[in-house]
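[1] can't give you the sequence, but here's the structure:
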DNA sequence: GGCTCCTTGATTGGCGCCAATTTTCCTGAC
DNA sequence: GTCAGGAAAATTGGCGCCAATCAAGGAGCC
């Protein structure tokens, strides 16, 4: 089994954390679409109690990652391309909104850190694991949104992110498309430095809506 | 106690439904900010089991309507104006996005129904109860979004709606502001008929961001 | 009178057991 | 060989009980 949960706290908090780990495992393809999530298996795999597993599953159902069939169990939903495209459209709209709020709030130190993550992302495309690659991407966007005063928006954006499994993205996009997404990151930094909001917003939209729903 | 839940189905579904009812009661002010939500009380009030109550509370915590204090209980969050403003900004951005998708998909019959609800809303402002008033508003927007192909976006918009208690809105806004919001509804119908997307989008944004976060 | 400590009562939170239901597998007939 | 029927195992889902903890109230002390 994976590393057991050793976090302190109440069951509810631990269930939240467990749900995050399951999201990640589903996203990375460890738990593929159609897979049955048997409660006993999950207990063992994550070292959690029955109740925590149930709460986590319930949360995943809420997010649409998992489907619940009465007295049959929980099954990983297959990833409907239409639905994923819809989520990407939402993300695009919100990233455009966020862009206007951060473009004049980002400091040079943060921009430099963003550029570093952009580089890490680009390199990881060829050499790194999917996890590292994804983490660089996540960190880039976390940095970019860090000065956004609308924390609800930021929270929602990261929540939406977990609803689009990376495995799917990766499967559907050629390496070339991913490379282009990598270049977008550098372009974002450049446009923020230039203070060109309209161009940045166009780029954010394209970055999300282009064949690559990633990043 | 209120009408007990008589719905069929598993506990999980019933808990979802219970959470909706509690959202509504919180939104309408029946359960004000700071109120302690004792599990036994809720059991009796809604005729639900302990487990259903717990699941529902957990969901409300997730939505930020309720705060959980370890071994103390659940308490209705006070409505931070900043946070509400942030949610309204998200709604505004998404409504603008949705406007582009529905403006050429709305049929005359639906527009007529929208106008009827707009009228009902305006009348209810003076004569109706808060519930009726709110229902007309909800129905207007439901009709407007009905031809939107991005169902995820629609679902999210209605979800965001429940996070802004009507009671707060009503308290913070003068009747004049609400009347202006009512006129917005008629203006929306007019702009959709005219096919004027830019103006519609400006209006949607204003409708959400103006002193009245309502509607 | 006011402060502290302790007992009492109330509430939350979790664990374990068991009923209901589904799936699997075995048996037997055609 | 295949299909139907039925027993057995596995799985979910819910309910009740109880420990842990917290708030309230009262007794005793300063």
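    All right, it came through fine. Because the structure is predicted, anything quoted here is derived from the model rather than measured.
[2] in chain A, which spans are helices?
    A:11-27, A:39-46, A:50-63, A:81-102, A:108-126, A:130-145, A:151-161, A:166-172, A:175-194, A:197-209 (DSSP state H).
[3] For DNA strand C, find the nearest of these.
    With respect to DNA strand C, and counting by Cβ to the nearest atom of the strand, the nearest of these is helix A:11-27 at 3.1 Å. In short, each C-beta sits where N, CA and C put it, glycine included.
[4] residues in contact with that closest one?
    With contacts defined as Cβ atoms under 8 Å, 6 or more residues apart in numbering or on different chains, helix A:11-27 is touched by A:2, A:5, A:7, A:31, A:37, A:42, A:46, A:48-49, A:51-53, A:55-56, A:59-60, A:63, A:65-66, A:76, A:162, A:164-167, B:58, B:61, B:68.
[5] Repeat that for stretch A:144-164.
    Residues contacting stretch A:144-164 (Cβ under 8 Å, 6+ apart): A:20, A:23-24, A:27, A:63-65, A:84, A:87-88, A:90-91, A:94-95, A:97-98, A:101-102, A:105-107, A:110, A:114, A:138, A:141-142, A:188, A:213, B:83, B:86-87, B:89-90.
[6] Flag every residue of chain A that's near chain B.
    By the rule Cβ under 8 Å from any Cβ of the partner chain, the part of chain A lying against chain B is A:10, A:12, A:55, A:58-59, A:61-62, A:68, A:70, A:83, A:86-87, A:89-90, A:93-94, A:96-97, A:150-153, A:156.
[7] filter those by proximity to DNA strand C?
    A:10, A:12 (Cβ under 7 Å from any atom of the strand).
[8] Can I have the buried ones of the residues of chain A next to chain B as a PyMOL selection?
    The following PyMOL line selects those of these that are buried, judged by 16 or more other Cβ atoms under 10 Å in any protein chain shown:
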select buried, chain A and resi 12+55+58+59+61+68+83+86+87+89+90+93+94+96+97+150+152+153+156
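[9] Give the other helices and strands that the least confident helix or strand in chain A by mean pLDDT contacts.
    Lowest mean confidence among the helices and strands of chain A (mean pLDDT, DSSP states H and E): helix A:166-172, at a mean of 82. When contacts are defined as 3 or more Cβ pairs under 8 Å, 6 or more residues apart in numbering or on different chains; DSSP states H and E, helix A:166-172 packs onto helix A:130-145.
[10] what residue of chain A is the furthest out?
    residue A:71 (30.6 Å; Cα atoms, centre = their mean).
[11] Of the contacts of helix A:11-27, select the buried ones using a ChimeraX command.
    Buried residues within these, by 16+ other Cβ under 10 Å, are selected in ChimeraX with:
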select /A:5,31,37,42,46,48,52,53,55,56,59,60,65,66,76,162,164,165,166,167 /B:58,61,68
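[12] Indicate which one of the helices of chain A is closest to residue B:134.
    Closest of those to residue B:134 is helix A:151-161, at 22.1 Å (criterion: Cβ to Cβ).
[13] Find the centremost residue of chain A, please.
    Closest residue to the average C-alpha location of chain A: residue A:161 at 3.3 Å, with Cα atoms, centre = their mean.
[14] Which pLDDT does the model give that one?
    For residue A:161, the pLDDT comes out at 95.
[15] for residue A:62, same thing?
    At residue A:62, the pLDDT value in this model is 94.
[16] Contacts only, for it.
    Residue A:62 sits in contact with B:59, B:62, where contact means Cβ under 8 Å, 6+ apart.
[17] picking up where we left off before, for the residue nearest to the centre of chain A, give its distance to residue A:90.
    11 Å (Cβ to Cβ, to the nearest Å).
[18] these two touch, right, residue A:68 and residue A:54?
    No: in this structure residue A:68 lies outside contact range of residue A:54 using Cβ atoms under 8 Å: 10.5 Å.
[19] Between those two, which contacts overlap?
    Counting by Cβ under 8 Å, 6+ apart, no residue touches both residue A:68 and residue A:54.
[20] Any regions of chain A where pLDDT drops low?
    For chain A, the stretches with pLDDT under 70 are A:1-8, A:211-215.
[21] Can you spell out the domain ranges of it, please?
    As given by automatic domain parsing, the domain ranges for chain A are A:11-76, A:81-209.
[22] Off-centre distance for the longest one?
    On the basis of Cα atoms, centre = their mean, to the nearest Å, the separation between the geometric centre of domain A:81-209 and that of its chain is 10 Å.
[23] Many thanks, we can stop here.
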